[in-house]
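I need the structure of the sequence given here:
(chains A and B)
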Amino acid sequence: GAGVSQSPSNKVTEKGKDVELRCDPISGHTALYWYRQRLGQGLEFLIYFQGNSAPDKSGLPSDRFSAERTGESVSTLTIQRTQQEDSAVYLCASSLAAENQPQHFGDGTRLSIL
Amino acid sequence: RKEVEQDPGPFNVPEGATVAFNCTYSNSASQSFFWYRQDCRKEPKLLMSVYSSGNEDGRFTAQLNRASQYISLLIRDSKLSDSATYLCVVAKGQNFVFGPGTRLSVLP
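Have a look, this model is predicted:
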């Protein structure tokens, strides 16, 4: 499809395990964003990529969270030593880098930490 | 003060009603503005961009007042399918700030 693709759709894992979430942006979109949304809450900004660099990592909640992007395409968000409070939907969005361009979201990864 | 604030809601309205949502933002340097809708347990989807001159898309009208740092969304002849959370989004360059959302329930 032509939209933002995220995988897996759902992930259930035990506390303390590491998880890796993947995002394939829309082709040609150089800007890529990760957000977290806890149940019943608003969007929480995590990190933004412009190309392969991350000018804004201010939203990453702790050093257990990291993200990378390669080839100006796929991005992975890694959470190490997961905690129960990491349970949320992780949303990825991409946009053209030009001014006034909106973000387009993937379906998200629903992460549940047992 | 939060960067983007919205009516807390929820708004419960009958089908056919007209409903308006308000949004204010604190960064006067903001450059672009959007309304998104988010259905329960789904991702946000772009509803419309908001332009200084105001813009309309069918039953939806968006207005921007830069002087007052205020954005509005008007929905006319509301449908059951309009039930969702409406997110106000304000951006400067690639820095996007999402409001907390206003929940709308359209009742039969």
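
When you work out contacts or count neighbours from here on, use the C-alpha atoms and nothing else.
OK.

For chain B, what lies in contact range of chain A?
Chain B has residues B:31-34, B:42-46, B:49, B:91, B:93-94, B:98-101 near chain A, with proximity defined as C-alpha under 8 Å from any C-alpha of the partner chain.

out of those, which are inside strands?
Among the residues of chain B next to chain A, DSSP state E puts B:S32, B:F33, B:F34, B:P44, B:K45, B:L46, B:S49, B:A91, B:F98 in strands.

Which one of these is nearest to A:L43?
B:F98 (6.8 Å; C-alpha to C-alpha).

Up against chain B, what does chain A have?
Counting by C-alpha under 8 Å from any C-alpha, chain A sits next to chain B at A:31, A:41-43, A:91, A:97, A:99-100, A:102-108.

please redo it, this time with the cut-off set to 6 Å
Chain A has residues A:G42, A:E99, A:N100, A:D107 near chain B, with proximity defined as C-alpha under 6 Å from any C-alpha of the partner chain.

The first one should be in a helix, yeah?
No. Counting by DSSP: H, G, I helix; E, B strand; the rest coil, one finds A:G42 to be coil, located in no helix.

excluding its backbone neighbours, what's nearest it?
Spatially, and ignoring its direct neighbours in sequence, A:G42 is nearest to B:P100 (5.1 Å; C-alpha to C-alpha, 6 or more residues apart in numbering or on different chains).

Do I have it right that that neighbour meets A:Q41?
No. B:P100 is beyond contact range of A:Q41, at 7.6 Å (criterion: C-alpha atoms under 6 Å).

Of the two, give the one with the bigger neighbour count.
Remark: of B:P100 and A:Q41, B:P100 carries more neighbours, 21 against 11, as counted by other C-alpha atoms under 10 Å in any protein chain shown.

quick one: the more buried one from B:D7, how far?
With distances taken as C-alpha to C-alpha, to the nearest Å, B:P100 is found 9 Å from B:D7.

now A:V4
If you go by C-alpha to C-alpha, the gap between A:V4 and B:D7 works out to 30 Å.

Counting neighbours, go ahead and name the busier of the two.
More neighbours surround A:V4 than the other of A:V4 and B:D7, with 22 against 16 (other C-alpha under 10 Å).
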